[in-house]
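Asks: Return a 3D structure for these sequence lines:
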Amino acid sequence: MNLQAAEDFIVNELRRGLSPTLYYHGLHHTLDVAAVALKLAAAEGVTDAEALALLRIAALYHDAGFLHSYQGHEDEGCALARATLPGFGFTPAQIEQICGLITATKYPQEPRNHLEQIICDADLDYLGRPDFVPISTSLFDELTARQLIADEHAWFQLQARFLASHHFWTRTAVARRAAPKQARLDHILALLANWPAPGETA
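Replies: This is a model prediction of the structure:
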């Protein structure tokens, strides 16, 4: 398999084709997930070269479905992988493994193996990172641009539900990110508890 050619292809497609209003799901997010996935894999003791290669390609393809669709983008990303990766020397079995990794990132996450757990944790790594606020704000802006969120109060309610229902899968991510993520949830719940009623001023 020609990893570099496959990587160059999908990065160029994303750079050219993603909507400029994908403030969260832009190329920057994809590159972040690919980098974090390999760091997590190293920390988790994954050393197999093929596994690491498939993990990186899957991370680069995991949101490529946004080129065609906002809803159901994971399935679109799989379709793109199946259509393009044979041309870079990937076998059917490797492509199915990549599709499994892409599909695992669909929420609610249901990873079936260690590599799928790693890509799931890489995809939502920011939930327990210091840059949570700017990254989550970019998602608010993206949803607002698509009229998928009503206002800031609805946004914080959504954030609270999401953070409360989410959990990390790998021991590394739990150790590094679970406590800061819980602190974010506590902060948002406090914000909501003190939210002015309609007609009140803050």
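Asks: what's the neighbour count on the closest residue to Tyr126 other than its chain neighbours?
Replies: Distances taken as CB to CB, 6 or more residues apart in numbering put Ile135 closest to Tyr126, at 4.5 Å, once the chain neighbours are dropped. Every residue, glycine included, has its C-beta placed from N, CA and C. Look at Ile135: counted by other CB atoms under 10 Å, it has 17 neighbours.
Asks: Quick check: the gap between Ile135 and Leu60.
Replies: The spacing between Ile135 and Leu60, counted by CB to CB, to the nearest Å, is 19 Å.
Asks: if we can go back for a sec, residues contacting the residue nearest to Tyr126?
Replies: Residues counted as contacts of Ile135 (CB atoms under 8 Å, 6 or more residues apart in numbering) are Tyr24, Tyr126, Arg129.
Asks: The spatially most central residue of the chain - nearest residue in space that isn't next to it in sequence?
Replies: The chain has Asp123 as the residue nearest its centroid, 3.0 Å off, counting by CA atoms, centre = their mean. Computed as CB to CB, 6+ apart, the closest residue to Asp123 that is not its neighbour in sequence is Thr105, at 4.8 Å.
Asks: Now that neighbour: phi and psi?
Replies: phi -80, psi -10 (degrees, to the nearest 10).
Asks: measure it to Ala197 for me?
Replies: Going from Thr105 to Ala197 by CB to CB gives 38 Å.
Asks: Same drill for these two, tell me which one is more crowded.
Replies: Neighbour count, other CB under 10 Å: between Thr105 and Ala197, Thr105 has more, with 22 against 5.
Asks: Surely the more buried one is in contact with Asp125?
Replies: No: applying CB atoms under 8 Å, one finds Thr105 not in contact with Asp125, separated by 11.9 Å.
Asks: I figured Pro111 was touching Thr170, is that so?
Replies: No: with contact defined as CB under 8 Å, Pro111 does not reach Thr170; the gap is 9.4 Å.
Asks: quick one: common contacting residues for those two?
Replies: Common neighbours of Pro111 and Thr170 (CB under 8 Å, 6+ apart) are Gln117.
Asks: Quickly note the distance from the spatially closest residue to Leu192 that is not a sequence neighbour to Arg15.
Replies: In space, Leu192 comes closest to Phe156 once its chain neighbours are excluded; the distance is 5.6 Å by CB to CB, 6+ apart. Phe156 is 32 Å from Arg15, where distance means CB to CB.
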